[in-house]
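> Just the structure for this:
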Amino acid sequence: MAPANVYLDHAATTPVDPRVLAAMLPYFSETYGNPSSVHAYGQRAEAALESAREQVSRVLGCRPAEVIFTASGSESDNLALRGAAFAERERRGADTILVSAVEHPAVLKTARQLQQQFGFRLVVLPVDACGLVSPADLAEHLSPQVAVVSILYANNEIGTIHPIAMLAAQCRDLGVVFHTDAVQAASQLPVDVGELGVDLLAMGAHKFYGPKGVGALYVRNGIGLLPWLTGGGQEQGRRPGTHNVPLAVGLAEALALTAAERQSRNAHQQRLRDRIISAVEQTVDGARLTGHPSERLPNHASFVFPDVDGNALLAALDARGFACSSGSACKSGTPEPSETLLALGLPRRLALGSLRVTVGKDTDPQAVERFLDILPPVVAALRRPAAGGK
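Numbering: from 1, shown residues only. The predicted structure is shown next:
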């Protein structure tokens, strides 16, 4: 009998909620007009688009005009960082970018390109062993020469949650633009931009039971943002291209459901997360939790195991019907350890043996128990060749 398939990789993506799919379907074949068209078909599509924008703005606690639809969380990050960096350099000559060492590649690689090809100065802020930026380190590097600061809300690989409101306030006091990558956080944490105090906030729908291929970027009124794409005047000229109405509707519906059900979802997920962490630490020899022990996403458990190859572990678990991840989904399959794990101070050999287990709103507790039964012997089996070669 084939093993039952158990999905424990919700940080990589989530299944589309049936209610979200139902909200999207009419805009594929019934209300299919181009929102930029002036006729009735276009007007109906535009009405749906603006209704979705308003729905997102209610969750974010902002004006509808401050919501920009994009094609992904990564694009939102790119638009925020590039757009703010160029706009602030043009406006006031600021030429420095500050990012944390544990950012998603959508931020880190963008920042490095801005440094290497466009002449910006880049400062990568170190993190502690839990993956947190020190407010003192941020304060040390803040100055009027800083164009934009980008620090992620919650880390996709290790689950650590940053105190964004505190960090954003430090930047606001000096008039420095602050962006946060909330792509992973929006599925479980409040994203009221007034409470967070951020200028820019990026999201991607597929992390919170919405469709792939659509994201959103909050841009506080008054923040300059040089568009990276040019063309039509869609999204106030900041993100040209024909609107993907059904996906925008899907993002809005998914975000509204996430906000409405956050408390019950998180309670369920946190019980499973805590069970996983407790059991793995007790039953897997040498297991080490990565990320903050308490300030972490409710659905997120991540570990490193000595003398275990992370990719081999994923393959062995997959063969037994359990889908997990090793670090970031963007790095799966590569022989190199993730930059995030190295930034925590882990030795390379240990960082190569990582495992990320992320549950979802519908994860079955019995499935988690089956996973916890199978993980220790799988890890032990993978360690045998290394032990025999000593």
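
> Check which residues of the least confident helix or strand in the chain by mean pLDDT are buried.
Lowest on mean pLDDT, DSSP states H and E among the helices and strands of the chain sits helix 365-388, with a mean of 87. In terms of neighbour count (16 or more other CB atoms under 10 Å), helix 365-388 has its buried residues at 367-368, 370-372, 374-376, 378-379, 382-383. Using the backbone N, CA and C atoms, a C-beta is placed for each residue, glycine as well.

> Can I get it in CSV, CA atoms only?
C-alpha atoms of helix 365-388 as CSV (Å, rounded to 0.1, in the frame of the first residue of the first chain):
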residue,chain,number,x,y,z
PRO,A,365,-3.2,16.0,14.4
GLN,A,366,-3.1,12.2,13.7
ALA,A,367,-1.0,12.9,10.6
VAL,A,368,1.4,14.9,12.7
GLU,A,369,1.7,11.9,15.2
ARG,A,370,2.5,9.6,12.3
PHE,A,371,5.2,12.0,11.2
LEU,A,372,6.6,12.1,14.7
ASP,A,373,6.7,8.3,14.8
ILE,A,374,8.6,8.0,11.5
LEU,A,375,11.1,10.9,11.8
PRO,A,376,13.5,9.5,14.5
PRO,A,377,14.2,6.2,12.7
VAL,A,378,14.5,8.0,9.3
VAL,A,379,17.1,10.3,10.8
ALA,A,380,18.9,7.5,12.5
ALA,A,381,19.1,5.5,9.3
LEU,A,382,20.6,8.4,7.4
ARG,A,383,23.3,8.8,10.0
ARG,A,384,24.4,5.2,9.8
PRO,A,385,26.7,5.6,6.8
ALA,A,386,28.5,8.6,8.3
ALA,A,387,28.9,6.8,11.7
GLY,A,388,30.2,3.7,10.0
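
> Could you tell me which ranges of this structure sit under the pLDDT cut-off?
1-4, 327-335, 384-390 (pLDDT under 70).

> All the helices of it, in order from the start?
With DSSP state H as the criterion, the chain has helices at 18-24, 26-29, 40-60, 73-92, 105-118, 135-141, 164-173, 193-196, 245-283, 310-319, 339-343, 348-351, 365-388.

> May I see those arranged in a markdown table, with distance to Gln236 as well?
What follows is the helices of the chain, written out as a markdown table (distance: least, CB to CB, whole Å):
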| stretch | distance to Gln236 |
| --- | --- |
| helix 18-24 | 24 |
| helix 26-29 | 22 |
| helix 40-60 | 11 |
| helix 73-92 | 12 |
| helix 105-118 | 21 |
| helix 135-141 | 30 |
| helix 164-173 | 23 |
| helix 193-196 | 17 |
| helix 245-283 | 15 |
| helix 310-319 | 43 |
| helix 339-343 | 34 |
| helix 348-351 | 42 |
| helix 365-388 | 45 |
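
> Met203 is nearest to which of those?
helix 73-92 (6.0 Å; CB to CB).

> what helices or strands is that closest one leaning on?
strand 67-70, helix 105-118, strand 146-150, strand 177-181, strand 200-204, strand 215-219 (3 or more CB pairs under 8 Å, 6 or more residues apart in numbering; DSSP states H and E).

> Distance from the last one to the middle of the chain?
How far strand 215-219 lies from its chain's middle: 13 Å, per CA atoms, centre = their mean, to the nearest Å.

> can you dump the C-alpha coordinates of it into CSV?
C-alpha atoms of strand 215-219 as CSV (Å, rounded to 0.1, in the frame of the first residue of the first chain):
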residue,chain,number,x,y,z
GLY,A,215,0.7,39.8,-4.6
ALA,A,216,0.1,43.2,-3.1
LEU,A,217,2.2,46.1,-1.9
TYR,A,218,1.1,48.6,0.6
VAL,A,219,2.6,52.0,-0.2
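
> Good, wrapping up.
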